[in-house]
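Trainee: Task: produce atomic coordinates for the following.
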Amino acid sequence: MEDEQRQTVEDLAQNLARQQMGFDDWLKQTGKTPEEFEEDLKDQATKRITLRLGLAQLIEEKEVNVSDEDMQKAVDAILSPLSEGERDKVAENYKPGQPSYEQLKWQKKVDTLFDELID
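Mentor: The predicted structure follows:
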């Protein structure tokens, strides 16, 4: 739950940074108090966890897998636009077992699941 709340805060912070807006300004604009924001965080985290668990169950039931070859293609697509120096730094994050790799693998499984459900 705390990880989901943290991710929601990080997502909001990135959005606010793009809009060049401070958190206090955002609270004023939305008319929320810090306490209401905290309650919203809990609700959003619960929804995200519920969704993730539902997707995980569907992925397991439908036996959705991503091949090593497909994963390598996905990693290459991320790394190819980068300069050689950037690529060397970022490539470490996309080795099997690393959080970025596992997140990418999860996303590929979700994409594959949706493709199967739509067809």
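Trainee: Name the residues of the host helix or strand of Asp25 that come out as buried.
Mentor: In this assignment (DSSP states H and E), Asp25 forms part of helix 23-30. Under the neighbour-count criterion of 16 or more other CB atoms under 10 Å, helix 23-30 has Trp26 buried. Where you see a C-beta, it was placed from the backbone N, CA and C, and this is true even at glycine.
Trainee: Please work out which residues outside that helix touch it.
Mentor: By CB atoms under 8 Å, 6 or more residues apart in numbering, the surrounding residues in contact with helix 23-30 are 12-13, 16, 21, 33-34, 37.
Trainee: can you check stretch 110-119 too?
Mentor: Residues outside stretch 110-119 that contact it (CB under 8 Å, 6+ apart): 55, 58-59, 62, 64, 66.
Trainee: Show me which of those are buried.
Mentor: Of those, these count as buried by 16+ other CB under 10 Å: 55, 58-59, 64, 66.
Trainee: Which of the three states applies to the residue nearest in space to the middle of the chain?
Mentor: Here the mean C-alpha position of the chain is nearest to the C-alpha of Gln103 (CA atoms, centre = their mean), at a distance of 6.9 Å. Secondary structure for Gln103, judged by DSSP: H, G, I helix; E, B strand; the rest coil, is helix.
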